[in-house]
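>>> Predicted model follows, preceded by the sequence.
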Amino acid sequence: MDKKTLVIGVIGADVHAVGIQILNFAFQEAGFNVVNLGVMVTQEEYIEAAIEAKADAIVVSSLYGHGELDCQGLREKCDEAGLKDILLYVGGNIVVGKQDLTEVEKRFRAMGFDRVFGPGTPPETTIEYLKKDLGVA
Amino acid sequence: MQAVLLIDFGSTYTKLTAVDLDAKKIFATAQDFTTVDTDVMEGFERALLKLKEKTGDIPFEKRLACSSAAGGLRMVACGLVPALTAKAAKLAAFGAGAKVIKTYSYKLTRSDIQEIDQIAPEILLLTGGTDGGNQEVIEHNASMLAKTETFFPVVYAGNHASGDICRDILESEKHPFYLCENVMPRLNKLNIQPAQGVIRKIFLDRIISAKGLSKQKALIDGILMPTPAAVLAALTLLSKGTSKHRGIGELMACDLGGATTVIYSIARGAPTKELAVVHGLPEPFSKRTVEGDIGMRYSAHGVVEAVGIEEIARIANVHEDVVYDWLNRIDQDKSILPATEEEKALDFALAAGALRTGIIRHSGTLEMVYTPVGAVYQQQGKDLSEVKLLIMTGGALNHTDQFEAIGREALAIQDTTVLAPTNPRIICDTQYVLSALGLLSTIDPETAFELLNNIFGKEDSL
Ligand code: B12
């Protein structure tokens, strides 16, 4: 079967460059096609990349605390761009400080994210979910 | 003496340059009007006669030619996302020396097809999707293009997976089909040379002969490329150097015409600002852009629209009404030449405005984004701020000796996000050697480089 394609990157004005490299490597090792957009990625860049590369999922990373603001409207823009039902994941230090994760998860899910991962989630966990959600054996 | 004759069949003039390869010297130039309506060889013969008056009847070892006559190479580009494959397609076509009449993104519609029929391009570049990426749109576009009433070759440089499917759709129709590598095989990876090679080959094989330029093959060893491709070759050689000579480094050039303004940059355009993160599609080292709405005569209104009437009036130091008046007179007579001091000032302002607009559109941008720790910078496109040389050419500069001042005025850009050259040396290609030496570079790069370096390289060469 064809490899599934992921578009990944660190959203907004966030310059934390290390984590995304690790994710890039881990996802590739796990058998995915990865389009890594690096840091400071705008919503439009994720979407345009997903269109050209016919991505199956967009994996958003945010570490600097402004993730909630940066992620608003991404699902709506995907719908608008014809990326219907594309899988949206978000993770990292997605909010400021130590907030209750279930509350945070609720807010991101309401924004249209399919999965929300809190600080310290190992790549393996995400990979398991990706395989499950994308129907990869 | 080993002499070669370099010929540029331009839209207005056929220009001849004779080079002595042994002495490494340009020893004569001559020009006459291009005669596309009858037979281009007529104008060529007249120019050759003028040249021989200067040189005597010497034999030429080789005759090489380039051409932008009969409208140049007219292309249409199609891609998927405007900032990605559509942009890559446009950059590829420009770099191949084409005039890109229009660029389409996403799915072609029935009215787009009608429009393409009206444009009747000489080549259409079809792209879209990375390899393994989107197939739906490019396949849709191929089916739409199969419905055109005009005939043109299609260069396919999109998603590899759809190549044969699109061939089956298109080749049965009136479109010769050329399959080549994807202009964007992976996201943000630009791969335009293969498509450019195919475009150039089609230009030579089909278009040149269609334009009556290949008659008398015996006289000319062949038209090697479109004129802009020759200019790009010369500029790239000057910048990079040869195996024996070190190039002069990053540079820019502009060609200011009556209808269009063309900008070239031979530069990596790497960030000069600390902490700048580069975004978007990487741009080619040798980049050419054409502004079809910016020029001194046919597109004079476009210049005024782009920079504003008050700015043109300010540069010319006249009242705005005087600018409108000049535009009206240009509308009535496209070959009008400035006679009075005021008219010269107006043309000066138009030239500076055209050049500024072309350079702004060609250059990258740097935007500041505030974060809790302070500012971070986002760069799109090329940072050309430290480019040290700007070469000016173009028919529009024939009637002025003010080119350096025009260049300085053009570069006085208020918008600080634009990464245009700040303080380059400005030289005018008064002898029109760029296209000729670009041709020469295909057979003798060392001599071509030395000649270019003598004219443009002085202060920078080490
Ligand atoms: C190095 C660093 C910086 C460097 C970054 C250099 C660079 N270019 O990479 C600099 C000095 C520039 C910096 C700046 C800032 N930083 Co800082 N930085 C760090 C630090 C110390 C390490 C980050 C790192 O590289 N970690 C190693 C990598 C491997 O881990 P990671 O990034 O967390 O990524 C892993 C996981 O998070 C996860 N993951 C990441 N994304 C995703 C996405 C998904 C879907 C999933 C499933 C998993 C996942 O997988 C990754 C691999 O295992 C952290 C603290 C820390 N120890 O984490 C703070 C930290 C991230 N920074 C922080 C802050 C606040 C900032 C600043 C806003 C201000 C400041 N205090 O300096 C600025 C923001 C600048 C900007 N515009 O982005 C905070 C964020 C707080 C929050 N979110 O509540 C942290 C947590 C420090 C803290 N405790 O206060 N920082």
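Structure received.
>>> Mind jotting down where the helices sit in the stretch 301-450 of chain B?
For the stretch 301-450 of chain B, applying DSSP state H, counting those that start in this stretch gives helices covering B:309-316, B:320-332, B:341-362, B:403-411, B:434-440, B:445-456.
>>> Reformat these as TSV; add distance to A:Ser62.
C-beta here means a position set from N, CA and C on the backbone, and glycine is covered the same way. Listed next are the helices of the stretch 301-450 of chain B as TSV, based on distance: least, Cβ to Cβ, whole Å:
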stretch	distance to A:Ser62
helix B:309-316	42
helix B:320-332	50
helix B:341-362	33
helix B:403-411	40
helix B:434-440	49
helix B:445-456	49
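>>> B:Leu125 reaches B:Phe94, doesn't it?
No: at 10.6 Å, B:Leu125 does not count as touching B:Phe94 under the criterion of Cβ atoms under 8 Å.
>>> With neighbour numbers in mind, choose between these two.
Taking neighbours as other Cβ atoms under 10 Å in any protein chain shown, B:Leu125 and B:Phe94 compare with B:Leu125 leading, 33 against 25.
>>> Spell out the secondary structure type for that one.
Three-state call for B:Leu125 (DSSP: H, G, I helix; E, B strand; the rest coil): strand.
>>> For it, give me its contacts.
B:Leu125 sits next to B:75-78, B:89, B:92-93, B:154-155, B:157, B:183, B:195, B:199 when contact means Cβ atoms under 8 Å, 6 or more residues apart in numbering or on different chains.
>>> likewise B:Cys180?
Applying Cβ under 8 Å, 6+ apart, the residues near B:Cys180 are B:155-157, B:194-195, B:197-198.
>>> Tell me which of the contacts of B:Leu125 fall in strands.
Among those, DSSP state E puts B:75-78, B:154-155 in strands.
>>> Of those, which qualify as buried by neighbour count?
B:75-78, B:154-155 (16 or more other Cβ atoms under 10 Å in any protein chain shown).
>>> now, which of the residues you listed sits nearest the ligand?
Closest approach between those and the ligand, by Cβ to the nearest ligand atom: B:Cys78, at 34.7 Å.
>>> how close does the closest one get to A:Ile127?
Taking Cβ to Cβ, to the nearest Å as the measure, B:Cys78 and A:Ile127 are separated by 37 Å.
>>> How about A:Ile47?
For A:Ile47, the distance to A:Ile127 - Cβ to Cβ - is 23 Å.
>>> Please apply the same query to B:Ile266.
Counting by Cβ to Cβ - B:Ile266 and A:Ile127 are separated by 44 Å.
>>> which parts of stretch B:169-187 are buried?
Neighbour-count burial for stretch B:169-187 [16+ other Cβ under 10 Å]: B:169-171, B:175, B:177-187.
>>> ok, and the closest non-adjacent residue to the residue of the stretch 51-200 of chain B found nearest the ligand?
For the stretch 51-200 of chain B and the ligand, the shortest gap (Cβ to the nearest ligand atom) falls at B:Leu187, measuring 18.8 Å. Among residues not flanking B:Leu187 along the chain, A:Val35 sits closest, at 4.5 Å (Cβ to Cβ, 6 or more residues apart in numbering or on different chains).
>>> how many neighbours does the one you found have?
23.
>>> What distance do you get for it to B:Gly79?
From A:Val35 across to B:Gly79, the span is 17 Å (Cβ to Cβ).
>>> secondary structure class for the spatially most central residue of chain A?
Central residue of chain A (Cα atoms, centre = their mean): A:Val59, 1.7 Å from the mean position. Put simply, A:Val59 is strand when judged by three-state DSSP.
>>> How much space separates it from the ligand?
Distance, A:Val59 to the ligand, using Cβ to the nearest ligand atom, to the nearest Å: 5 Å.
>>> ok, that residue - contacts?
Contacts of A:Val59 (Cβ under 8 Å, 6+ apart): A:6-8, A:23, A:27, A:89-91, A:126.
>>> could you redo the last one with a cut-off of 7 Å?
A:6, A:8, A:89 (Cβ atoms under 7 Å, 6 or more residues apart in numbering or on different chains).
>>> for B:Ala161, same thing?
Per Cβ under 7 Å, 6+ apart, neighbours of B:Ala161: B:132, B:135.
>>> Any idea how many residues pack against residue 99?
Looking at chain A here, since you left the chain open. A:Gln99 - counted by other Cβ under 10 Å - has 12 other residues nearby.
>>> was after chain B, sorry
21.
>>> Would you mind identifying the next helix or strand past the host helix or strand of it?
For B:Lys99, the host element (DSSP states H and E) is strand B:98-104. Using DSSP H and E, the next helix or strand after strand B:98-104 towards the C-terminus is helix B:110-119.
>>> how big is the angle separating that following helix from strand B:98-104?
160 degrees (axes from the mean of the first three to the mean of the last three Cα atoms, to 10 degrees).
>>> which stretches of the stretch 201-350 of chain B aren't confidently modelled?
For the stretch 201-350 of chain B, residues meeting the criterion pLDDT under 70 lie at B:207-223.
>>> Contact residues of it facing chain A?
B:277, B:279 (Cβ under 7 Å from any Cβ of the partner chain).
>>> Tell me where the stretch 201-350 of chain B has strands.
Counting by DSSP state E, counting those that start in this stretch, one finds strands in the stretch 201-350 of chain B at the ranges B:223-226, B:251-256, B:261-266, B:276-279, B:286-291.
>>> elements contacting the last one?
Think strand B:286-291. For strand B:286-291, the packing partners by 3 or more Cβ pairs under 7 Å, 6 or more residues apart in numbering or on different chains; DSSP states H and E come out as helix B:85-95, helix B:227-240, strand B:261-266, helix B:341-362.
>>> Touching it from outside, list them.
Here strand B:286-291 makes contact (Cβ under 7 Å, 6+ apart) with B:91, B:94-95, B:99-100, B:228, B:232, B:236, B:260-266, B:357-358, B:361-362, B:382.
>>> hmm, which of those residues are the buried ones?
Among those, those scoring as buried are B:91, B:94-95, B:99-100, B:228, B:232, B:236, B:260-266, B:357-358, B:361-362, B:382 (criterion: 16+ other Cβ under 10 Å).
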